[in-house]
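Asker: dropping a prediction and its sequence here:
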Amino acid sequence: MATEANERLRWSLGRVMAIAGNTFREAVRMKLFLAMTALSIFALASSFLFREFNFGSSELKFIADFGFGGMTVFGSALAIIVTAQLFYGEIEHRTALTLLAKPIFRSEFVLGKFLGTWATVACFLGMMTVCLLLALWWRETGIMAEYPEEFQDGRIVNYGDIFCFAGVQSFRIGILCAVVILFSTYATSALFAMVMGVLIWIVGQLQHIATEAWGAVDSWILKGIYALASYALPNFHLFDVGDRLALGESLSWVLYAKLFVYTLLYASFYLAVAAASFNRREL
Amino acid sequence: MNSNVSIIPVCALAALLLGFASSPLDRSISEDLGQSAEVASLRNLGSEFGQGLSVAILGGYRSVTANLVWLSKNENWEERDFAGTLGKISLATSIDPRPEMFWLNGSRVIANDMPAWVVGDANTDRLENTEEGREIARDYANRALRFLEASRVNHSDNPDIYIEESMIYWRKLDDLETAAERLLKATEAKDPPYYAFRIYGELLSKLGRKREALEFLEDHYRTLPSDSIEAMKGVVGERIHVLRKEVEGG
């Protein structure tokens, strides 16, 4: 009977969205989410204190750097912790069993959890974007009043680029969420999934150095290790577009499209493997 | 073996294949963003892994961290700690190589302050009057030039870096030919300051190439705006007048 029911059961986007919605609601109620958001907003606000120590770049660029840093660092940390807590937490507390006893595919569960956590971090990025926009607008207005001759052509901050940066960071964090979900399907503790997430984040950030080093070393063993690091993991450094945007350069839509395709490739791959692994996992 | 562990080798292989397949896309994005310069910057600076990690991980917090490192360098500078000062200058420029201030001030500390630390404040005249002192000054001047050379990755078209190099060649190494060559590069770089043209003309004159200096300043004079204080059109005009007399008289 059960086999017959499963055969009739069709993969449903509605169930995925229901799981995603629940995950999102659960995540935004977490104290950790609120604490991390408050901390990153505080970090952004502190850029106004640090601006006296800024030697190398303009004040507005300094504030933008601070905001971009908050989005990247706190966003990635949030993605790792929330994903591991919410995915592995379901397994650890046996609530996954209750849910999966219903007619739900495990792949739907995996995708729903992914979308829920991704939406949570996107929400965080959205709030940070608004705060950064306000901070830059406020400061630029102040500087404009102080030095009107420098702003004869109007405002110098391209506010649209801040949305672009937040979008690109959401791509990066999407891959990171998928990686943590994959490790959560194997993990025997949430801590393991988090540690693996942090390691992949660091190695992914340094991947471009491994690619360079690969061509520079003679030892075949080292070449093998560098090749493994270069090919087996996503290159998170590609999403570091803040340097260019903070310098006032606008990036082409082709580049954004390429980053989106890159994200789609890696996130889909990790989610497919996570679904395959979770299907085989004994709960 | 857990049943989900058994798929790990297949997944690892698939991950490698995906990485291989997506590498052209990876390279294309990296080229669009000009990220190869960053790896070159790390290589040029001979960075240790820890510094590379800072650059890679800190992301947007680069400016802040670099500024704080620069601030803490001042403490080493006050204590005349050679290793600490050099290390922090190098670390600040490694974390954030974009601000030219780190490069210019860093090179000044190396070329001007450090030789004085070696001989002591009371003996700075030895840096000019004794062979041993001159050797010390030359050594630190060359270190400063090597330091500035590393800035090229991010400041290949920055006239201020070329002017700084020129001043070191001129004042510290007494090499006017190379100083003139660097100043010429400064005048050809992006948005060169007016004074770079004037000093270049002066250096050519010092080198005995008065006709070349005259022609250079005449060309420069034609491009100068009359309403700019920095352009000093009158001063350049007077210099041209004197040089013309010297050239015609000689």
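Answerer: Great, that's in hand.

Asker: number of residues surrounding A:H208?
Answerer: Residues near A:H208, counting by other CB atoms under 10 Å in any protein chain shown, number 22. To be clear about C-beta, it is placed using only N, CA and C from the backbone, and glycine gets the same treatment.

Asker: thought it was touching B:S30?
Answerer: Yes - under the criterion of CB atoms under 8 Å, A:H208 is in contact with B:S30, at a separation of 6.7 Å.

Asker: what sits in contact with each of the two?
Answerer: Here A:H208 and B:S30 share the contacting residues A:235, A:237, scored by CB atoms under 8 Å, 6 or more residues apart in numbering or on different chains.

Asker: quick one: low-confidence parts of chain A?
Answerer: Scanning chain A with the threshold set as pLDDT under 70 gives A:1-8, A:51-57, A:246-248.

Asker: tell me where it has strands.
Answerer: Using DSSP state E, the strands of chain A do not appear at all; there are none.

Asker: just want the most central residue of it.
Answerer: A centroid search over chain A (CA atoms, centre = their mean) returns A:I173, at 1.4 Å, as the residue closest to the centre.

Asker: and if you look at chain B?
Answerer: Closest to where the C-alpha atoms of chain B average out (CA atoms, centre = their mean) is B:L148, at 3.5 Å.

Asker: my guess is that one contacts B:I163. True?
Answerer: No - taking CB under 8 Å as the definition, B:L148 is not a contact partner of B:I163, at 10.6 Å.

Asker: relative to A:M128, how far out is A:A166?
Answerer: Between A:A166 and A:M128 the computed distance is 7 Å (CB to CB, to the nearest Å).

Asker: list residues touching both of those two?
Answerer: For the pair A:A166 and A:M128, residues contacting each of them under the criterion CB under 8 Å, 6+ apart are A:M71.

Asker: from chain B, how far out is the residue nearest to the centre of chain A?
Answerer: 13 Å (CB to the nearest CB, to the nearest Å).

Asker: check contacts around the residue nearest to the residue nearest to the centre of chain B when sequence neighbours are not counted.
Answerer: Among residues not flanking B:L148 along the chain, B:S107 sits closest, at 5.0 Å (CB to CB, 6 or more residues apart in numbering or on different chains). The contact partners of B:S107, by CB under 8 Å, 6+ apart, come to B:144-145, B:147-148, B:164, B:168.

Asker: again with B:A144
Answerer: Counting by CB under 8 Å, 6+ apart, B:A144 makes contact with B:107-108, B:110-111, B:168, B:172.

Asker: which of the residues you listed fall in helices?
Answerer: Secondary structure from DSSP state H places B:107-108 of the contacts of B:A144 in helices.

Asker: and the contacts of B:A144, which is closest to B:L18?
Answerer: The shortest gap between B:L18 and any of those belongs to B:S107, at 45.4 Å (CB to CB).

Asker: residues near residue 131, how many?
Answerer: If you meant another chain, say so; for now it's chain A. The burial count assigned to A:C131 is 18, neighbours taken as other CB under 10 Å.

Asker: wait, I meant chain B there
Answerer: Using other CB under 10 Å, B:E131 is surrounded by 8 other residues.

Asker: now the contacts of B:S107 as a markdown table including pLDDT and secondary structure?
Answerer: Conversion of the contacts of B:S107 to a markdown table gives the following (pLDDT from 0 to 100; DSSP: H, G, I helix; E, B strand; the rest coil):
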| residue | pLDDT | secondary structure |
| --- | --- | --- |
| B:A144 | 96 | helix |
| B:L145 | 96 | helix |
| B:F147 | 95 | helix |
| B:L148 | 95 | helix |
| B:E164 | 96 | helix |
| B:I168 | 96 | helix |
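
Asker: where does B:R80 sit: helix, strand or coil?
Answerer: Three states are possible here, and by DSSP: H, G, I helix; E, B strand; the rest coil the one that applies to B:R80 is coil.

Asker: touching, it and B:W117? I think so.
Answerer: Yes - the pair B:R80 / B:W117 is scored as a contact, 4.7 Å apart, by CB under 8 Å.

Asker: give me the phi and psi for B:D81.
Answerer: The phi and psi torsions at B:D81 (degrees, to the nearest 10) take the values phi -90, psi 100.

Asker: please apply the same query to B:D191.
Answerer: Its backbone dihedrals place B:D191 at phi 50, psi 60, with angles given as degrees, to the nearest 10.

Asker: same question, B:W70
Answerer: Residue torsions, per degrees, to the nearest 10, at B:W70 are phi -60, psi -40.

Asker: for B:R80, same thing?
Answerer: Here is the backbone geometry of B:R80 (degrees, to the nearest 10): phi 60, psi 40.

Asker: and it, how many neighbours?
Answerer: In terms of burial, B:R80 registers 15 neighbours under the definition other CB under 10 Å.

Asker: dump the residue contacts of B:R80.
Answerer: Residues in contact with B:R80 (CB under 8 Å, 6+ apart) are B:W117.

Asker: list the buried residues in stretch B:7-19.
Answerer: By neighbour count with 16 or more other CB atoms under 10 Å in any protein chain shown, stretch B:7-19 contains the buried residues B:7, B:11, B:15-16, B:18-19.

Asker: closest to chain A out of those residues?
Answerer: Checking the buried residues of stretch B:7-19 against chain A by CB to the nearest CB gives B:G19 as the nearest, at 3.0 Å.

Asker: nearest residue to that closest one in space, ignoring adjacent ones along the chain?
Answerer: Residue nearest to B:G19 in three dimensions, not counting chain neighbours: A:Y231, with 3.0 Å by CB to CB, 6+ apart.

Asker: is stretch A:274-283 up against chain B anywhere?
Answerer: Yes - in this structure, stretch A:274-283 sits against chain B according to CB under 8 Å from any CB of the partner chain; the contacting residues are A:276-282.

Asker: what parts of the stretch 101-250 of chain A come near chain B?
Answerer: The stretch 101-250 of chain A comes close to chain B at residues A:185-186, A:202, A:205-206, A:208-209, A:212, A:228, A:230-233, A:235, A:237-238, A:240-244, A:246-247, as judged by CB under 8 Å from any CB.

Asker: are any of these buried, and which?
Answerer: With neighbours counted by 16+ other CB under 10 Å, these contain buried members at A:185-186, A:205-206, A:208-209, A:212, A:228, A:230-233, A:235, A:237-238, A:240-244, A:246.

Asker: domains of chain B?
Answerer: Dividing chain B into domains by automatic domain parsing, as the record does, gives the ranges B:1-96, B:104-186, B:193-250.

Asker: what is the longest helix that chain B contains packed up against?
Answerer: Determined from DSSP H, the single longest helix within chain B is helix B:8-33. Helix B:8-33 is packed against helix A:220-232, helix A:253-280, with contacts defined by 3 or more CB pairs under 8 Å, 6 or more residues apart in numbering or on different chains; DSSP states H and E.

Asker: what's in contact with the first one?
Answerer: Okay, so that is helix A:220-232. Everything outside helix A:220-232 that qualifies as a contact, by CB under 8 Å, 6+ apart, is A:203, A:207, A:210-211, A:213-214, A:217, B:12, B:15-16, B:18-20, B:23.

Asker: switch to 7 Å and redo it
Answerer: Outside helix A:220-232, the residues within contact range by CB atoms under 7 Å, 6 or more residues apart in numbering or on different chains are A:203, A:207, A:210-211, A:213-214, A:217, B:12, B:15-16, B:19-20.

Asker: hey, what's the angle from it to helix B:8-33? Just curious.
Answerer: Inter-element angle recorded for helix A:220-232 and helix B:8-33: 80 degrees (by axes from the mean of the first three to the mean of the last three CA atoms, to 10 degrees).

Asker: and what of the longest one?
Answerer: Taking the same axes, to 10 degrees, one finds helix A:253-280 and helix B:8-33 inclined to each other by 170 degrees.

Asker: show me what helix A:253-280 is packed up against.
Answerer: Counting contacts by 3 or more CB pairs under 7 Å, 6 or more residues apart in numbering or on different chains; DSSP states H and E, the secondary-structure elements packed against helix A:253-280 are helix A:106-146, helix A:159-186, helix B:8-33.
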